[in-house]
Every structure is written in structure tokens, then in C-alpha cells.
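Colleague: coordinates only, no sequence provided:
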DNA sequence: CTAGAACCTCACGTCGGCGTGAGGTGCAAA
DNA sequence: TTTGCACCTCACGCCGACGTGAGGTTCTAG
């Protein structure tokens, strides 16, 4: 399977896949002529990488986690890393939730001055909380 | 109130505060001698900015949201922006949750091969899900 | 009055995850 | 055989939120 198809299936750019290889995250075999040759499991691997990127992990952290996917052998250090990253994500979930709730609060306020008319309504200006 | 105290109270660096001013997020008055002069409400403002930064909003987005805090007047456009950012955050919450759950899954696997011994245990190598 | 914090303004450095050419090669179809 | 698309390797560009000096001023305590 060539790089273009992997890109499409995994929903990433070709450039991204080359970058992943550069970082040692997904190392493809090479066919005659030097073209990258991916397997089906590589597609899953890429999807997993995307998942972790989306969670804000830097490539080095991912690099330390991936070997576990291959071997399913966990050293103590690896389990600790996994847990550490999980906790980080959990913390970010807290931050994001706080931010969302705060925005919801503001949107609630805003609704009072916006919703019923298409034009502008003259408001009372006062200090917020 | 001078910049150092604001930094400490809001839990950010002095540099960050100057950067916020550069971006138009928090514009402090100036005392004789050119030193920045902040008010108590500026501290709250900075905390709010931090909240939004922590949620991944870029400074331009924050810049568009802040006027609402001052005036409590919401144009339609502003309400839309607020809602848009809220939805973004919601989407990220989904991503992060997925990632966390996946990691929990892996940690569960890892526990089987790590927990009871300090040394390494010879495992069976097979393909993961 | 004087030391030494704390402040000021440039202005360049950083880091990560790619985007984006430039210039050349491989491969399948007509 | 020739088109033409997909692929290849450099290698520089980018953007945002500051960090980090450099070199000078202001404020406060003794």
C-alpha cells in the first residue's frame, strides 16, 4: 500500500506521514524504487497517533508509548508514562470544562440582550461578576 | 498596582502581561515614569484570559470576546463568536475523552503484565485490537 | 545618597507539526 | 513511447505564546 492511500484512509496529509517517519513513529518498508510500502496495521497505527496528537501529546511522548502497541509488553516505566499522560489529559479535561462552563455563562447573559431582535437593542451597561 | 504584583496574583509571568498588552488584551494605564498601573479588575481579566488560553483559544479570538466582558453588550456577531468557541471546546472535549479512554484501555492491558512483579515477565506477543 | 530591586523597551530565539515549493524519479495506461 | 500522476528528497517558511538577554530608568529602603 502506498503513501497516498494511507493518507486518505487515515485522514492525514502525505506530508504528515513522512513527518511521522522522520520522527520514528511509523517506519514504512521500501519497495524497489524507494517508494514507501505500508501495511494495513500501519493505517491503524496512524489513526492512533492522530488520537494522541489530538490530545496534545508531543511526538516524543507518543514515541515512548508506541512500542507498547507493538509488543504489548509493558515495563514499569512504560506503564508509568501511560498513566502520566492519562493524568495530563484528565487535567486538560478539567481546564476545558471550566472554560466551556464559563462561556456558557456568558452566552446566557448575552442571550438577554440579543435573542429577540435582529437589530440592536439599547442595553443597560453595568459591571459584570 | 504594578506589573509584578499582577503577575503573582494572576499566576502568570511579567513577560506574559506585557505580551497581553501588545495584543491589546489588557491595556494598563501608565503612572509618571512610564510604569504600568493595573487595577484589581485587571487581575480578574488576566485570569479570564488564562482560562481561554488554557482552552486553546488564540489571542485574536480572545480579543473578540473580551469587549463583551467590559460592556455586557452583545452584538449578534459576538454571540455567534461565543457560541462558536464554545462548540470548538466541546469538540476538543470529545477528542480528549476518546484519547483518555483509549489510554485507560491500554493501561488495563499493561497492568496484566506489570503489576505483580518488579522485574520483567516474559509475555505472549500478539496483535492488539 | 546610594545600592539594588523592580521596572522599562527593543529585539532575537524557541519549539512543534506540519505547508509548500523546487527539482528529480517511478509506474501505469494509451 | 509518451504523457501524466504519484512518489521521492532536501530544505526553508510559518505561527503563536512567550523566554531570554541587553542596556537603560525608576522606586524604595537604609
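Modeller: In hand now; what should we look at? Small disclaimer: the values here were computed from a predicted structure and weren't measured.

Colleague: how many other residues sit next to the residue in chain A positioned nearest to DNA strand C?
Modeller: Using Cβ to the nearest atom of the strand, the closest approach of chain A to DNA strand C is made by residue A:33 at 2.7 Å. Glycine gets a C-beta too; all of them are placed from N, C-alpha and C. By the criterion of other Cβ atoms under 10 Å in any protein chain shown, residue A:33 has 5 neighbours.

Colleague: next, count neighbours for the closest residue to residue A:20 other than its chain neighbours.
Modeller: Excluding the flanking residues, the one nearest residue A:20 by Cβ to Cβ, 6 or more residues apart in numbering or on different chains is residue A:26, at 4.6 Å. Residue A:26 has 22 neighbours, counted by other Cβ under 10 Å.

Colleague: doesn't residue A:26 lie inside a strand?
Modeller: No - looking at residue A:26 with DSSP: H, G, I helix; E, B strand; the rest coil, it is coil, so not inside a strand.

Colleague: and the most centrally placed residue in chain A, its phi and psi?
Modeller: Residue closest to the mean C-alpha point of chain A, counted by Cα atoms, centre = their mean, is residue A:54 at 0.5 Å. Backbone geometry at residue A:54, expressed as degrees, to the nearest 10, gives phi -60, psi -20.

Colleague: the residue lying closest to it once chain neighbours are set aside: how many residues sit nearby?
Modeller: Excluding the flanking residues, the one nearest residue A:54 by Cβ to Cβ, 6+ apart is residue B:95, at 4.4 Å. Look at residue B:95: counted by other Cβ under 10 Å, it has 17 neighbours.

Colleague: which element is residue B:95 on?
Modeller: Using DSSP states H and E, residue B:95 sits in helix B:76-114.

Colleague: report the buried residues of that helix.
Modeller: Of all the residues in helix B:76-114, those buried under the rule 16 or more other Cβ atoms under 10 Å in any protein chain shown are B:78-79, B:81-82, B:85-86, B:88-89, B:92-93, B:95-96, B:99-100, B:102-103, B:106-107, B:109-110, B:113-114.
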